[in-house]
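Asker: model this:
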Amino acid sequence: MKKFGLFLIAALAGTAFTSCNDDDGDYPKYSPLITTVHSLDGGDYYFQRDNGETLYPGDKSRVPGYKPDPDKTQRTIIWFNLLSGIEGYDYNIALYNVENIFTGTSMIVDTQEQLDELGSEKTGFQNNTFNLTKEWLTFYALYPVSDNSKHDFTVIVNNVESGSEPTPAQEADDNYLNLELRHSAGGDTEGYTKGYYLSFDLTPLAGQLEGKKGVILHIETRENGLQEIKLDLPQEK
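Answerer: Residues are numbered from 1 along each chain as shown. Next comes the predicted model:
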């Protein structure tokens, strides 16, 4: 159930909550969501969906040990049930589980030294898991790993190689910002290929995204070489 639910997150991120089961029982009845956790005074916290809606965990009894880092922006997957409404938030929830996911950043790279430091390990991905907003780019990545704590990922605007021959995707539409995934394994000895969600803060590229329809994400993969994923930003209502 957990793995199946994770692959639905990207598709559900911009839609209404979907009930998984209407039967009684002490388990989450809604599909898991990717959110951003925000700290409050006194160690309290709430979650925010990519569409701006907020969820306050009025019942934290099942996750008593979870505490967000107040000094770090963290993306999470949450499992929950809905409770009666609460003032100041869109939803009041009973929180069943919280899983921190990799929360990376984005940057403009102008020098070869910067580029080399970011690594060039090949990374696979799961189709139909990409989700793009002006603030976040999220998807399910696949890569060989034995110690995941050593791996680091960054999304960049690559100005170092901008003078090289443009790819077909780059030539096709200037209304999209070209981004590149960089992956450093940190010296990790390769293990079995595993899958993890990655989420990147795009606010450092706000100026670059201004006026764009979306992004074209370039990912070097082991099996299929360079892949270019074209993603549209949500239309403003």
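Asker: pLDDT below threshold where in the chain?
Answerer: Counting by pLDDT under 70, the low-confidence segments of the chain come to 1-16, 21-24, 162-172, 237.
Asker: tell me how it divides into domains.
Answerer: When the chain is parsed into structural domains using automatic domain parsing, the resulting residue ranges are 2-101, 102-232.
Asker: now the end-to-end length of the last one.
Answerer: When you say that, I think you mean domain 102-232. For domain 102-232, the first and last residues are 22 Å from each other (C-alpha to C-alpha, to the nearest Å).
Asker: off-centre distance for that domain?
Answerer: On the basis of C-alpha atoms, centre = their mean, to the nearest Å, domain 102-232 is displaced by 11 Å from the centre of the chain it belongs to.
Asker: quick one, helices of the protein?
Answerer: Across the chain, reading from the start of the chain, the helices by DSSP state H fall at 2-12, 112-117, 168-172, 206-209.
Asker: paired strands for the lengthiest strand in the chain, with orientation please.
Answerer: Scanning the chain for the strand with the most residues, using DSSP state E, yields strand 91-109. Using DSSP bridges, strand 91-109 pairs in its sheet with strand 54-59 (parallel), strand 74-82 (antiparallel), strand 152-158 (parallel), strand 193-201 (parallel).
Asker: and for Leu181, nearest residue in space, chain neighbours not counted?
Answerer: Ile219 (4.8 Å; C-beta to C-beta, 6 or more residues apart in numbering). Where you see a C-beta, it was placed from the backbone N, CA and C, and this is true even at glycine.
Asker: separation between the one you found and Ala185?
Answerer: Going from Ile219 to Ala185 by C-beta to C-beta, to the nearest Å gives 15 Å.
Asker: same check, this time on Tyr45
Answerer: For Tyr45, the distance to Ala185 under the criterion C-beta to C-beta works out to 32 Å.
Asker: for Asp69, same thing?
Answerer: Shown here: Asp69 relative to Ala185, a distance of 24 Å by C-beta to C-beta.
Asker: between these two, point out the one with more neighbours.
Answerer: Just comparing Asp69 and Ala185: by other C-beta atoms under 10 Å the higher neighbour count belongs to Ala185, 21 against 10.
Asker: with adjacent residues omitted, what lies nearest to that one?
Answerer: In space, not counting the residues next to it along the chain, Ala185 is nearest to Glu121; the distance is 4.8 Å by C-beta to C-beta, 6+ apart.
Asker: pretty sure that neighbour is touching Tyr143, no?
Answerer: Yes - Glu121 sits in contact with Tyr143 when judged by C-beta atoms under 8 Å, with a separation of 7.0 Å.
Asker: of these two, who's got more company?
Answerer: The residue with more neighbours, out of Glu121 and Tyr143, is Tyr143; 24 against 20, by other C-beta under 10 Å.
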